[in-house]
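Visitor: Mind folding the following:
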Amino acid sequence: MKTDESDVDVEIGRFRRDLRVLEREIARSLSSETGCCGVTLAQCHLLMEVAEKGRTGVTELSAVLELDKSTLSRAVDGLVQSGLLNREPDPENRRCQVVSLTPKGRKKADSINGLCDESYRLMFSFIPEGKRASVAEAVSLLGTAMHCMRRECCP
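Guide: Reported below is the predicted structural model:
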C-alpha cells in the first residue's frame, strides 16, 4: 500500500507535537536533577563521563561531550574548585591534562546516578512492561538519528 504524502505530513505533525512535550519534560527533569545536586548540566555530564571512564584526558572528554575546549575547561575548573575533580598533567604527554574524580566527586556522581535511576525507574513504571524495551530502543534510535542529522548538516 502506497503512503500518501498527506499521511506522512500528519504523522510528522504528530511527531513534532509529541517531541515538543518530550523536550519540555526533559528540560524540567534535567533542571531538577542537576539543580538539586549543585552542578550545572554541563558539569553533570562531565562528572558522569569521568565516573564512567575513570581517569581520562581532557581532549578525549571534549570530543565525547562535543564541547569546545574553552567550555570544557570552564566546567573542569568549576569542578576542580568545588573539590569534585582532580586535574593533573598527563604523565605520557605533559602538554595534555587528565582528570579524575575525587572521593567527594565520586560521592556526588553516585548521588546523581541514584537520583536519576530512581526518577527513571518511576517513569518506567508508567510505561507498560511489554513496551519498555521498545521505548528504550526508540530513544536510542532517535538520539542516533539526531546526532547523524546534525553532523551531516553542521560538520
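Visitor: what residue is smack in the middle of this protein?
Guide: Note on the chain: the residue nearest the mean C-alpha position is H45, at 5.3 Å, using Cα atoms, centre = their mean.
Visitor: Show the pLDDT at it.
Guide: Predicted confidence (pLDDT) for H45: 88.
Visitor: Hmm, it is touching E66, no?
Guide: No - using Cβ atoms under 8 Å, H45 makes no contact with E66, being 10.1 Å away. For every residue, glycine as well, the C-beta is placed using N, CA and C.
Visitor: Neighbouring strands of the longest strand along the chain in the sheet, and parallel or not?
Guide: Criterion DSSP state E: the longest strand present in the chain is strand 93-101. Sheet pairing of strand 93-101 (DSSP bridges) gives strand 56-57 (antiparallel), strand 85-90 (antiparallel).
Visitor: Excluding residues flanking it in the chain, which one is nearest the residue nearest to the centre of the chain?
Guide: L65 (5.9 Å; Cβ to Cβ, 6 or more residues apart in numbering).
Visitor: That neighbour: neighbouring residues, count only.
Guide: 16 (other Cβ atoms under 10 Å).
Visitor: That one contacts V58, doesn't it?
Guide: No - judged on Cβ under 8 Å, L65 makes no contact with V58 at a distance of 10.4 Å.
Visitor: Now the common contact residues for those two.
Guide: Shared contacts of L65 and V58 (Cβ atoms under 8 Å, 6 or more residues apart in numbering): L72.
Visitor: residues in contact with the residue nearest to H45?
Guide: Taking Cβ under 8 Å, 6+ apart as the definition, contacts of L65 comprise 42, 45-46, 49, 72.
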